[in-house]
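Peer 1: Need a 3D model of the following:
(one chain, ligands or ions: 2)
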Amino acid sequence: MSGSRSAKDFFRPLAVGAPAPLTEIPARPSRAIHFFDPSNPKMAAKIPDMVGKVDVLLGNLEDAIKADNKTAAREGLVKIAQETDFGPTQLWTRINSLDSPWVLDDLTTLVPAIGDKLDVIMVPKVQGAEDIHYVDRLLAQLEAKAGLERPILIHAILETARGVANVEEICAASPRMQGLSLGPADLAADRRMKTTRVGGGHPGYLVRQDPPKNELGVADINAARTTYQQDLWHYTIARMVDACAMHGIYPYYGPFGDIADEVACEDQFRNAFLLGCVGTWSLHPKQIAIANRVFSPSVEDVAHARRVAAAMGDGTGAVMLDGKMEDDASLKQCLVMVELAEQLAAIDPELKAQYDAIEVDA
Ligand SMILES: CC(C)(COP(=O)(O)OP(=O)(O)OC[C@H]1O[C@@H](n2cnc3c(N)ncnc32)[C@H](O)[C@@H]1OP(=O)(O)O)[C@@H](O)C(=O)NCCC(=O)NCCSC(=O)C[C@](C)(O)C(=O)O
Ligand SMILES: [Mg+2]
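Peer 2: Numbers count the residues shown, from 1 in each chain. Ligands and ions are numbered 1, 2, ... in the order given. You can find the predicted model right below:
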């Protein structure tokens, strides 16, 4: 890849004195990345109580924050971060876009003030590896200056056609890359898609059942036919999942703007979970429970996975379980569930109790 670092330099710090990059991105539970506006006193007041109840709290500085409130949001985030003990909950931020008048101050303020508490910086509207390289070097310089001991990770939002086209090089651009989220609103606009919704499906994007045929074998195109609404975001999410898996980083859905429609929100989140995403965004407190439910494997799935693991002994060969074939590969599928359940149980006592209560009779 032109312009990328050679293998021998990939894990070298980009500034003298900056912390060494991680060689592996930790699989920390992040079912819900909960967005809040640090300049909104009502929202900010709720944040300390949310610690421990959501996997990630994200102080948003970009879109959805009024231009007049950009400084207040940045300062509000610094204050909340300094005054709060986040325990097992991660603290992330979404900085302003790289072409905005605010982003340089975002980074030069946040890293010295709260860099020791910030786990991940979400960068919006990432177009290609060059955007990640810019943030990567700047973070290294700021980390070195602040004497930080742990590198801050980068999460890119895919919300332009160019960003989607460059998804693999974005994931590969830095050892700081933690993951990707879908930005369905900006992406729809950039692609000139004809949906005005923030994420989710569209009733016009469908396939229709074939027409029934009459006794002469002629299709009756006027007969009632079932239609099936399709997922507008399937292609993009699937590309993100492959790019992330290939680079050992984590894919996330993104925002679901119809806060009132909890059913459709859950459906969209579940599609992403099934395809390989590890989490999603929550824009309103009530979306946290939906995300936590959807992105935790069900007790039934974990029970089945553990049964397969027990039945597979040393993990090789093929066995029959409930009339179905299980083998080395299906065991690997099951271990995805078992490992995720273990990671979640470590931070979620309620889930731990449910998973611990499973009895495995192989
Ligand atoms: C949708 C809104 C306006 C409804 O806000 P509301 O106040 O009208 O809702 P509510 O139901 O009346 O709220 C009840 C209570 O919960 C509070 N509350 C409400 N939300 C939160 C929250 N997130 N965190 C903590 N507390 C919250 C709210 O302040 C209120 O407190 P109160 O009972 O004391 O009066 C509000 O929830 C909100 O502003 N959410 C965040 C929106 C956001 O961050 N948008 C940006 C991400 S999506 C995006 O950028 C797109 C993307 C990726 O870039 C792209 O696709 O291109
Ligand atoms: Mg956006």
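
Peer 1: Now do the nearest residue to Tyr250 once chain neighbours are set aside against Gln141, distance only.
Peer 2: Spatially, and ignoring its direct neighbours in sequence, Tyr250 is nearest to Gly179 (3.7 Å; CB to CB, 6 or more residues apart in numbering). From N, CA and C alone the C-beta is placed, and that goes for glycine too. With distances taken as CB to CB, to the nearest Å, Gly179 is found 23 Å from Gln141.

Peer 1: of the two, who's got more company?
Peer 2: For Gly179 and Gln141, the more surrounded residue by other CB atoms under 10 Å is Gly179, and the numbers stand at 24 against 17.

Peer 1: I figured that one hits His155, correct?
Peer 2: Yes. Counting by CB atoms under 8 Å, His155 is a contact partner of Gly179 at 5.0 Å.

Peer 1: Mutual contacts of the two, please.
Peer 2: By CB atoms under 8 Å, 6 or more residues apart in numbering, Gly179 and His155 have these common neighbours: Val120, Tyr252.

Peer 1: need the contact list for Leu180.
Peer 2: With contacts defined as CB under 8 Å, 6+ apart, the neighbours of Leu180 are 155-158, 167, 170-171, 240, 243-244, 249-252.

Peer 1: Pretty sure it sits in a strand.
Peer 2: Yes. The assignment for Leu180 by DSSP: H, G, I helix; E, B strand; the rest coil puts it in a strand.

Peer 1: and the gap between it and ligand 1?
Peer 2: In this structure, Leu180 and ligand 1 are 12 Å apart, going by CB to the nearest ligand atom, to the nearest Å.

Peer 1: Quick check: bridge partners of that residue?
Peer 2: Beta-bridge pairing of Leu180 under DSSP bridges involves Ala156, Pro251.

Peer 1: dump the residue contacts of Gly76.
Peer 2: Contacts for Gly76 (CB under 8 Å, 6+ apart) come out as Pro38, Ser39, Ala44, Gly59.

Peer 1: Point out the least confident one among those.
Peer 2: Between the contacts of Gly76, the one the model trusts least by pLDDT is Ala44, at 95.

Peer 1: in this protein, which ranges drop under the pLDDT threshold?
Peer 2: In the predicted model of the chain, residues 1-3, 361-362 satisfy pLDDT under 70.

Peer 1: show me where this protein has strands.
Peer 2: Along the chain, the segments classed as strands by DSSP state E run 32-36, 56-60, 90-94, 120-123, 153-158, 177-182, 206-208, 227-229, 250-252, 280-282, 318-321, 324-327.

Peer 1: if I look at the most centrally placed residue in the chain, how far off is Leu58?
Peer 2: Residue closest to the mean C-alpha point of the chain, counted by CA atoms, centre = their mean, is Tyr252 at 2.3 Å. As judged by CB to CB, Tyr252 and Leu58 stand 11 Å apart.
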